[in-house]
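[1] Sequence plus predicted model, see below.
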Amino acid sequence: MSSGPGNGPHSMLIIAGHLIVDLADRNRYVTDCAIAVERARRAPGCLDFAVTADPLDPARVNVYERWASDTELSNFRGSGPDAATQARILSAEVYKYRIASIEEP
């Protein structure tokens with residue numbers, strides 16, 4: 001396995017957590033996020049990006065992102081989700097983590 005990004009003097013950002021959406025909207029929400037996932041994965045500084053349906057909770061959407069820097073994250077995110085997307089989120093528990101180093105598990 002090759003050494004991953006973040007080994008060295010730079011830190012890495014992880015955005016992780018979950019969203020709660022309407023049970024009837026969850027699968028559509030995840031499908032609608034595919035465009036954002038595709039754009040993020042092509043964006044400079046994006047190391048990983050996923051928005052997935054939780055296998056146990058039918059209202060939960062899991063969020064996982066890795067970014068090389070705050071600047072690249074901000075450049076991609078801009079002002080955040082549009083109003084229509086934001087209105088579909090009933091609650092959110094998503095946090096930014098600053099990681100100083102990484103290593104094999």
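    Okay, I see it.
[2] Any idea how far the lowest-mean-pLDDT helix or strand in the chain is from the middle of the chain?
    Taking mean pLDDT, DSSP states H and E as the measure, the helices and strands of the chain show their lowest mean at helix 83-88, namely a mean of 86. For helix 83-88, the distance from its own C-alpha centre to the chain's C-alpha centre is 16 Å (C-alpha atoms, centre = their mean, to the nearest Å).
[3] One more: stretch 28-45?
    A distance of 9 Å separates the C-alpha centroid of stretch 28-45 from that of its chain, computed with C-alpha atoms, centre = their mean.
[4] tell me the phi and psi of the closest residue to residue 14 other than its chain neighbours?
    Closest residue to residue 14 in three dimensions, ignoring its sequence neighbours and counting by C-beta to C-beta, 6 or more residues apart in numbering: residue 97, at 4.4 Å. Placement of C-beta: from N, CA and C, glycine included. For residue 97, the backbone dihedrals are phi -120, psi 130 (criterion: degrees, to the nearest 10).
[5] For residue 12, see how far away residue 97 is.
    9 Å (C-beta to C-beta, to the nearest Å).
[6] do the same with residue 89
    Residue 89 is 25 Å from residue 12, where distance means C-beta to C-beta.
[7] swap in residue 96?
    The separation that residue 96 has from residue 12, given C-beta to C-beta, amounts to 11 Å.
[8] Of these two, give the one with the bigger neighbour count.
    A side-by-side neighbour count of residue 96 and residue 12, using other C-beta atoms under 10 Å, places residue 12 first with 20 against 13.
[9] what is that one paired to in the beta sheet?
    Under the criterion DSSP bridges, residue 12 forms beta bridges with residue 99.
[10] these two touch, right, it and residue 72?
    No. Using C-beta atoms under 8 Å, residue 12 is not in contact with residue 72; the gap is 10.7 Å.
[11] about what we covered before: what touches both of residue 97 and residue 12?
    Contact criterion C-beta atoms under 8 Å, 6 or more residues apart in numbering; residues shared by residue 97 and residue 12: none found.
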